[in-house]
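S.K.: please find the sequence and the predicted model below.
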Amino acid sequence: MAALERRRRACAALTLNVCALLLAVCALASSHWCEGLRKVVKPFCTTLVHAHCIRFNSTSGSNDSRLVQYVFETGEDKFVLRRFHSGIWFSCEENIDLIGEKCRSFINVAPPHERGVLWLCIVAECLYILLLSTGGILMSIEVCHIGNVIDGLKLNAFAAIFTVLSGLLGMVAHMMYTTAFQLSVSLGPEDWKPQSWDYSWAYILAWGSFTACMASSVTTINRYTKTILEFKHKRRNIEKNLKIKQKLLDLDSPDQVWDMYISSVPSTAEELLDLSGSARKLSNNSVFLDLNDMPEQQGEEYC
């Protein structure tokens, strides 16, 4: 029963690890960590550009800003809001006609003095996935392993270490990207700065991967600790039974046997069963035979 419960916990930890790995890979490959809107000046209408552009009253097509038609008195018609989304690798923005999009490297968008932080973020994300994969491989070997329990515990301990380290690296990597993006919004190039922005679904996937990773590590550590405590409890019971057996063999006086028996009454049902089993094993050569074979008069004296 205990082995079945340990296997269930191992399968649960492995499932959480696989979920964390899949979420991390999807988030790292996506460019939807952050998204928002950019306010861009409309271009002049030409024969190629007919929508979302500035028209002229003049039929000559001269480039004279005094001839521009304004729909609103505030002049907001001169601007168009284009959507953009950005990730660790790329930052993409809609074209001026709002059809299709163009992308550029986010490393080139970040301020020069912050590109080191962004590179550290990329390295940490890659190490996060690598350590998470290593922990998952160790967990799968443990689940499929049939043999010595001690070997399974060793695999369990190493899997817990790798999973905890990967979770810490993932948390640091996500926070570094957040810092790099916020600094890019403040100090980045003018042709990229957003009007408004917010976190997107890939950012949620990244932190969901971190949550699943930490849940997997906690499950693994809990299973390791519980197994160790079970072994220690069984060892204490065995040592206690062996001490009782040794005392029974060393005692000579029936008075001492009876006093020791009374003082060693087990506190739990499990210990009682273990003690009764050991007592039955000793029944052929222990001093309890001497108690049963004592004369009736001497038995009445002890009563």
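M.R.: Thanks, I have it. Residues are numbered from 1 along each chain as shown.

S.K.: how about low-confidence regions in the stretch 201-303 of the chain?
M.R.: 231, 233, 247-303 (pLDDT under 70).

S.K.: what do you get if the cut-off is 90, keeping everything else the same?
M.R.: By pLDDT under 90, the low-scoring segments of the stretch 201-303 of the chain are 217-303.

S.K.: what do you get for the stretch 51-200 of the chain?
M.R.: 51-84, 93-105, 107-118, 138-161, 185-196.

S.K.: Cys213 belongs to a helix?
M.R.: Yes - assessed by DSSP: H, G, I helix; E, B strand; the rest coil, Cys213 belongs to a helix.

S.K.: wait, doesn't it sit right on Ser166?
M.R.: Yes - counting by Cβ atoms under 8 Å, Ser166 is a contact partner of Cys213 at 6.0 Å. Glycine gets a C-beta too; all of them are placed from N, C-alpha and C.

S.K.: between these two, which contacts overlap?
M.R.: Leu132 (Cβ atoms under 8 Å, 6 or more residues apart in numbering).

S.K.: could you chop this protein up by domain?
M.R.: Following automatic domain parsing, the chain resolves into domains at 2-64+78-230, 251-290.

S.K.: between those domains, which one is closest to Glu239.
M.R.: domain 251-290 (11.4 Å; Cβ to Cβ).

S.K.: what about the strands in this structure?
M.R.: Ranges of strands in the chain, per DSSP state E, are 34-41, 79-86, 90-94, 101-105, 196-199.

S.K.: thinking again about what came up before, check the domains of the chain for me and report the most buried one.
M.R.: domain 2-64+78-230 (a mean of 17; mean count of other Cβ atoms under 10 Å).

S.K.: picking up where we left off before, would you format the domains of the chain as JSON lines with distance to Asn241 included?
M.R.: Listed next are the domains of the chain as JSON lines, based on distance: least, Cβ to Cβ, whole Å:
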{"stretch": "domain 2-64+78-230", "distance to Asn241": "17"}
{"stretch": "domain 251-290", "distance to Asn241": "5"}
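
S.K.: Ile238 is nearest to which of the ones you listed?
M.R.: Here domain 251-290 is closest among these (Cβ to Cβ), at 8.4 Å.

S.K.: how about Glu94, nearest residue that isn't a chain neighbour?
M.R.: Among residues not flanking Glu94 along the chain, Arg82 sits closest, at 4.4 Å (Cβ to Cβ, 6 or more residues apart in numbering).

S.K.: one step back: of the domains of the chain, which approaches Ile244 most closely?
M.R.: Set against Ile244 and scored by Cβ to Cβ, the domains of the chain come closest in domain 251-290, at 5.7 Å.

S.K.: where do the helices sit along the chain?
M.R.: Per DSSP state H, the chain carries helices over the ranges 2-29, 106-109, 115-144, 149-187, 201-250, 254-263, 269-281, 288-292, 296-302.

S.K.: what's in contact with stretch 121-138?
M.R.: Counting by Cβ under 8 Å, 6+ apart, 14, 17-18, 20-21, 24-25, 28, 88, 155, 158-160, 162-163, 165-167, 169-170, 172-173, 176-177, 180, 213, 216-217, 220 sit against stretch 121-138.

S.K.: ok, Trp207 - contacts?
M.R.: Per Cβ under 8 Å, 6+ apart, neighbours of Trp207: His174.

S.K.: try 10 Å this time
M.R.: 23, 27, 170-171, 174, 199 (Cβ atoms under 10 Å, 6 or more residues apart in numbering).

S.K.: how close does it sit to Lys42?
M.R.: Trp207 is 38 Å from Lys42, where distance means Cβ to Cβ, to the nearest Å.

S.K.: repeat that for Trp119.
M.R.: The separation that Trp119 has from Lys42, given Cβ to Cβ, amounts to 37 Å.

S.K.: now the terminal residues of stretch 86-99, how far apart.
M.R.: Terminal residues of stretch 86-99 lie 18 Å apart, using Cα to Cα, to the nearest Å.

S.K.: just stretch 180-200 next, same as before
M.R.: The straight-line separation of the ends of stretch 180-200 (Cα to Cα) is 16 Å.

S.K.: same check, this time on stretch 192-202
M.R.: Using Cα to Cα, the end-to-end distance of stretch 192-202 comes to 20 Å.

S.K.: if we can go back for a sec, make JSON lines out of the helices of the chain and add distance to Lys78.
M.R.: Below are the helices of the chain laid out as JSON lines (distance: least, Cβ to Cβ, whole Å):
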{"stretch": "helix 2-29", "distance to Lys78": "37"}
{"stretch": "helix 106-109", "distance to Lys78": "25"}
{"stretch": "helix 115-144", "distance to Lys78": "34"}
{"stretch": "helix 149-187", "distance to Lys78": "23"}
{"stretch": "helix 201-250", "distance to Lys78": "32"}
{"stretch": "helix 254-263", "distance to Lys78": "96"}
{"stretch": "helix 269-281", "distance to Lys78": "83"}
{"stretch": "helix 288-292", "distance to Lys78": "104"}
{"stretch": "helix 296-302", "distance to Lys78": "111"}
